[in-house]
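Trainee: Sequence and predicted structure, then a few things I'm wondering about:
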Amino acid sequence: MKKRNLSEKIRQWYEGELSFDEKIAEPVVHIPAGTHDQQPPETKTKIRIVHRLENTEIKISRVGYGVLSVVFCLIICSILISTALFLPGFADKEAPTANEVYEHYVGAGRDQTGAVNTVAGMILDYRAFDTLGESFVLFTATCAVLLLLEGHKAALNRAKSTFTYATDPIVGIAAKIVVPVILVFGVYVLFNGHLSPGGGFSGGAILGTGLILYAQAYGDERAARVIPAGAIRGITIAALSFYCLSKSYSFFTGNEFNGVHSVIGPGTPGDFLSGGLILPLNLAVGLVVCCTMYTFYMIFTRGRLD
Amino acid sequence: MFENILSLFRLLLLLSLVVCAIATALSKRVMTAIILFTSYSIVMAVVWLLLRSPDLAITEAAVGAGVNGVLFFLTLRKLHLIDRDFDEQEKKAKVKTEEVNGHEKA
Amino acid sequence: MNITLNLEELTAMLLFGIGFTMLVFSRNLLKKVLGLNIIDTGVYLFLASMGYIEGNLTPIVPPTGPVDPGIYINPIPTGLVLTGIVVSVSFSALMLALAVRLYKKYRTLNLDEIYARCDREDGED
């Protein structure tokens, strides 16, 4: 509902110049009983005329608003596209993005990091600091959502519902079949991040969706009992601390000048236990992502983790 | 021949991306917009696959189509803006008024 | 002057425009968050299309033997987008939590009405 001069009208109503009988602010604005009837009839007709005028205004402004938004969209798109026409060619080997950084990452990455999957080697070895900050972004977002939406325990007990989809032929039985497969696939993607596509982010997201399906099918009560809140908190904190400490060690010993060398080598590329710190770091990132997704779900449905 | 079919497929995918985005922007109901956005994410996952980034395809399919859609639906349910919830609330209110009326009659 | 027509980049630009229009002109808070997500994916598509090289392979190198960087795509945009996707979902969760709080206070998701009620509260003080 688009209303022009709404705040001004409300102020006028406050000062007694205008009756405010529109359904704008129903739960907040309580029109005192009898106000409407006590008005002299000429005020009522005036108000009706004002309303009619405003309704046509609203219609015109709605149409104008839609047209304006389409024009705005076209202008933005045309500016962006006209800029994109002068960019270097797509899928071109001579493009300036295909420079020596990329050649170094792909060409020397396997021997330096031990990871066959260059993307995993890049985000968890060369650019591990970036990924650390990203995990902390997730952690901060979880904290903020908890602060905003966490409910009281008393309210939880009051609103207790025993309804689950466990006996439902579609959701319950399908979840019984699908959830173990999703979880196993998530663990596979998580542990094979340095060998095949996947890694911490993908595997953690798949594990999180599996847990969400479990909680949706068997009820939040059971999910909260199976996965206690303390475990989620502990896993998140432990994973973040482990990431911090191990990368600190790696950064400290990676320096050639202080004479200390890391005891964790890149290993044989292609083996399961290879890639140095990439496998445990993948595990840490995956656990953080999984806990974040599950926490979001539990906070949005249940209001609490426990 | 194969190259042409693949480029046609890519063109169709990108076109459906734009169509899904415009439909999301123009839909009146938020529920429809969310469902359209989920389909948009699934198309996006296939586009990632065509751009030779399977990591992104896996993540987008799990996050964009899974968790994001679930979060939006949960928000709608939390705010009681899904139509089914409205119907149930109306039924409850009706039952309550009927009960009250019955008591008054008795 | 060298004009190139890249379908992926044009799509990314269109998506950015549509999402930005949704973000600015939509009155519903949830649709604003959806528009923000569309902007996100548009930017990611642009980034990833910059790293794509026609006919090249996914950057998963063989375990042994010499590696020729010329036959793989650029892994850097892929890594950047990979972190971005997961951040965007946490970001939209935060936005949705804020929208829920606003709804609990003002009983509406329409931005105009929220403004009106804010003005009214200011008038009360």
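Mentor: Done, it's in.

Trainee: Now for the residue nearest to residue C:18 when sequence neighbours are not counted: which residues touch it?
Mentor: Residue nearest to residue C:18 in three dimensions, not counting chain neighbours: residue B:21, with 4.6 Å by CB to CB, 6 or more residues apart in numbering or on different chains. To be clear about C-beta, it is placed using only N, CA and C from the backbone, and glycine gets the same treatment. If you count contacts by CB atoms under 8 Å, 6 or more residues apart in numbering or on different chains, residue B:21 has them with B:40, C:14-15, C:18-19, C:38.

Trainee: hmm, which two among the residues you listed are most spread apart?
Mentor: Pairwise distances across the contacts of residue B:21 (CB to CB) peak at 12.7 Å, for the pair B:40 and C:14.

Trainee: Can you check which helix is longest in chain C?
Mentor: Using DSSP state H to define each element, chain C has its longest helix at helix C:75-106.

Trainee: Measure how buried residue A:304 is and give me the count.
Mentor: Neighbour count of residue A:304, defined by other CB atoms under 10 Å in any protein chain shown: 18.

Trainee: Phi first, then psi, for it.
Mentor: phi -140, psi 160 (degrees, to the nearest 10).

Trainee: What does the pLDDT read for it?
Mentor: Residue A:304 is assigned 82 on the pLDDT scale.

Trainee: likewise residue B:97?
Mentor: 60.

Trainee: Give me the secondary structure label for the residue nearest the centre of chain C.
Mentor: Chain C has residue C:40 as the residue nearest its centroid, 0.7 Å off, counting by CA atoms, centre = their mean. Secondary structure, DSSP: H, G, I helix; E, B strand; the rest coil: residue C:40 is helix.

Trainee: Show me which residues of chain B sit near chain C.
Mentor: With the criterion set to CB under 8 Å from any CB of the partner chain, chain B comes near chain C through B:10-11, B:14, B:17-18, B:21-22, B:24-25, B:30, B:33-34, B:37, B:40-41, B:44, B:47-48, B:51-56, B:59-60, B:63-64, B:67-68, B:71-72, B:75-76, B:78-79, B:81.

Trainee: Go again with 6 Å.
Mentor: B:14, B:17-18, B:21, B:24-25, B:30, B:33, B:37, B:44, B:51-53, B:55-56, B:59, B:63, B:67-68, B:71, B:75, B:78-79 (CB under 6 Å from any CB of the partner chain).

Trainee: Quick check: closest non-adjacent residue to residue A:226.
Mentor: residue A:214 (7.9 Å).

Trainee: so the one you found is in which element?
Mentor: Take DSSP states H and E as the rule and residue A:214 turns out to sit in helix A:200-218.

Trainee: and what of residue A:180?
Mentor: Per DSSP H and E: helix A:171-191 holds residue A:180.

Trainee: Would you mark the buried spots in the helix or strand hosting residue B:38?
Mentor: Element membership of residue B:38 [criterion: DSSP H and E] is helix B:30-50. In terms of neighbour count (16 or more other CB atoms under 10 Å in any protein chain shown), helix B:30-50 has its buried residues at B:30-31, B:33-41, B:43-50.

Trainee: so how far is it off the chain centroid?
Mentor: Between the mean C-alpha location of helix B:30-50 and the chain-wide mean there is a distance of 9 Å, by CA atoms, centre = their mean, to the nearest Å.

Trainee: How about the helix or strand where residue A:286 lies and chain C, any contact?
Mentor: Here residue A:286 sits within helix A:278-301, counting by DSSP H and E. Yes: Helix A:278-301 is in contact with chain C by CB under 6 Å from any CB, via A:289, A:296.

Trainee: tell me the domain boundaries of chain A?
Mentor: A:6-84, A:117-252+A:271-301 (automatic domain parsing).

Trainee: how about the ones you listed in JSON lines, adding distance to residue A:106, mean pLDDT and mean neighbour count?
Mentor: Below are these laid out as JSON lines (distance: least, CB to CB, whole Å; pLDDT from 0 to 100; neighbours: other CB atoms under 10 Å in any protein chain shown):
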{"stretch": "domain A:6-84", "distance to residue A:106": "26", "mean pLDDT": "64", "mean neighbour count": "13"}
{"stretch": "domain A:117-252+A:271-301", "distance to residue A:106": "6", "mean pLDDT": "88", "mean neighbour count": "19"}
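
Trainee: out of the ones you listed, nearest to residue C:107?
Mentor: Nearest of the domains of chain A (CB to CB): domain A:6-84, 4.7 Å.

Trainee: ok but residue A:101 is inside a strand, no?
Mentor: No: the assignment for residue A:101, made by three-state DSSP, is helix rather than a strand.

Trainee: any idea of the pLDDT on it?
Mentor: 85.

Trainee: coming back round to it: now the contacts of residue B:21 as CSV including pLDDT?
Mentor: Shown next, in CSV, are these (pLDDT from 0 to 100):
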residue, pLDDT
B:40, 94
C:14, 92
C:15, 93
C:18, 93
C:19, 93
C:38, 94
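
Trainee: Most neighbours of all these, which one?
Mentor: Of the contacts of residue B:21, with other CB under 10 Å as the count, residue C:15 tops at 29 neighbours.
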